[in-house]
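In: have a look; sequence and predicted model below, questions after that.
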Amino acid sequence: SQQGEEDPQALSIQEGENATMNCSYKTSINNLQWYRQNSGRGLVHLILIRSNEREKHSGRLRVTLDTSKKSSSLLITASRAADTASYFCATAPGGGNKLTFGTGTQLKVEL
Amino acid sequence: GAVVSQHPSWVICKSGTSVKIECRSLDFQATTMFWYRQFPKQSLMLMATSNEGSKATYEQGVEKDKFLINHASLTLSTLTVTSAHPEDSSFYICSGGLLYEQYFGPGTRLTVT
């Protein structure tokens, strides 16, 4: 079963705008990861945030984690058309490296 | 980052036939690999954990006799879809990697006619 629910399911923005995606999960975690998937392709690891971290940055990406609410958000700043993809959060309930993915957000960045 | 390859990238087969998909870790050794299935516009669903030198462990609801997994070496896991049916048409993705970071293959698109 899905561990995480993401919203929105789909998001369409203009290039240059910021995109925010949210993920909620159900069980306690050691870390939460975000992945990107271009249409019909494999997944690319974007960022990992540990359970004792509240915020993490990587380039134009900013991830927050609120373990009390069991939620995380991914912010992409100054979006580009090349950011068009599906974004998934993933956790490993119980630890280890067996990932359970959220439902995903389809982001479309228009010129 | 590490690289995982899959072969083939896409395959079309007739109903009732079997199809083998290979997943290779190119620059690291993977004692464990994972197989996922993804239907259009949906998320990845874990099918099974492939363990080098031992039997795979399957998620609830996944038929082990239909989806045969072999992990014969530290760099190769194979998924064989036996007696494929149109409902098995999907995107199959494997992954392998370190404890907190998985590297995903590019996926295999299976279409059963």
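Out: Thanks, I have the structure now. Just so it is clear, the model here is predicted, and its values are computed rather than measured. Residues are numbered from 1 along each chain as shown, chains lettered A, B, ... in the order given.

In: which residues of chain A score low on pLDDT?
Out: Scanning chain A for pLDDT under 70 picks out A:1-3, A:95.

In: hang on, isn't B:Pro106 packed against A:Val44?
Out: No - using CB atoms under 8 Å, B:Pro106 is not in contact with A:Val44, being 10.4 Å away. Every residue, glycine included, has its C-beta placed from N, CA and C.

In: higher neighbour count, these two?
Out: Between B:Pro106 and A:Val44, B:Pro106 has the larger neighbour count (other CB atoms under 10 Å in any protein chain shown), namely 17 against 14.

In: who are the contact partners of that one?
Out: Residues in contact with B:Pro106 (CB atoms under 8 Å, 6 or more residues apart in numbering or on different chains) are A:Arg41, A:Gly42, B:Ser5, B:Gln6, B:Ser9.

In: helix, strand or coil: sort out it for me.
Out: coil (DSSP: H, G, I helix; E, B strand; the rest coil).

In: leaving out sequence neighbours, find the closest residue to it.
Out: Nearest residue to B:Pro106 in three dimensions, chain neighbours excluded: A:Gly42, at 4.3 Å (CB to CB, 6 or more residues apart in numbering or on different chains).

In: who's in contact with that neighbour?
Out: Applying CB under 8 Å, 6+ apart, the residues contacting A:Gly42 are B:Val4, B:Gln6, B:Ile93, B:Phe104, B:Gly105, B:Pro106, B:Gly107.

In: give me the buried entries from the residues you listed.
Out: Buried subset of the contacts of A:Gly42 (neighbour count, 16 or more other CB atoms under 10 Å in any protein chain shown): B:Val4, B:Gln6, B:Ile93, B:Phe104, B:Gly105, B:Pro106, B:Gly107.

In: could you find the closest non-adjacent residue to the first one?
Out: Counting by CB to CB, 6+ apart, B:Val4 lies nearest to B:Gly105, which is 4.3 Å off, once chain neighbours are set aside.
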